[in-house]
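Peer 1: Fold the following and give me the result.
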Amino acid sequence: MNIELVKKQLSRLRYLLSQPATDVCWSNYNSADEVIKELDILEKGIASRDYTTVRRLISLLAPTGQLQEISISSGWGDEFLDIAASLERELDKRII
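Peer 2: This is a model prediction of the structure:
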């Protein structure tokens, strides 16, 4: 797994989430900041090759998952699909 690529894609995702128009109403999160904080925690776990963390991120990226719901309601669904595909490819290469 290319950790630098994972970090780059998570950074793109954090940027999108930090935009004023981010709408989390179709997710279990109360704010975009809450999502960003979880991504920060997940990034640390992924860097240490924690399998549970990898599984959690994969579930957030899944079709109709929390992040996809946020991306669609916030108007950046297509960009999310690109980020999710890239992350899923890398996470699938995990070495634990």
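Peer 1: In this protein, what helix or strand scores lowest on average pLDDT?
Peer 2: Lowest by mean pLDDT, DSSP states H and E among the helices and strands of the chain is helix 51-61, with a mean of 92.
Peer 1: now that helix, how far from the chain's geometric center?
Peer 2: With CA atoms, centre = their mean, to the nearest Å as the basis, helix 51-61 stands 9 Å off its chain's centre.
Peer 1: Which neighbouring elements make contact with it?
Peer 2: Here helix 51-61 touches helix 32-47, helix 66-74, helix 77-92, going by 3 or more CB pairs under 8 Å, 6 or more residues apart in numbering; DSSP states H and E. For glycine as for every other residue, the C-beta is placed from the backbone atoms N, C-alpha and C.
Peer 1: Dump the ones you listed to a markdown table, plus distance to residue 9 and mean neighbour count.
Peer 2: Output for the helices and strands packed on helix 51-61, formatted as a markdown table (distance: least, CB to CB, whole Å; neighbours: other CB atoms under 10 Å):
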| stretch | distance to residue 9 | mean neighbour count |
| --- | --- | --- |
| helix 32-47 | 10 | 16 |
| helix 66-74 | 12 | 20 |
| helix 77-92 | 5 | 16 |
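Peer 1: Now distance to residue 57 and mean pLDDT too, for those, in a markdown table please.
Peer 2: Listed next are these as a markdown table, based on distance: least, CB to CB, whole Å; pLDDT from 0 to 100:
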| stretch | distance to residue 57 | mean pLDDT |
| --- | --- | --- |
| helix 32-47 | 5 | 95 |
| helix 66-74 | 9 | 96 |
| helix 77-92 | 7 | 94 |
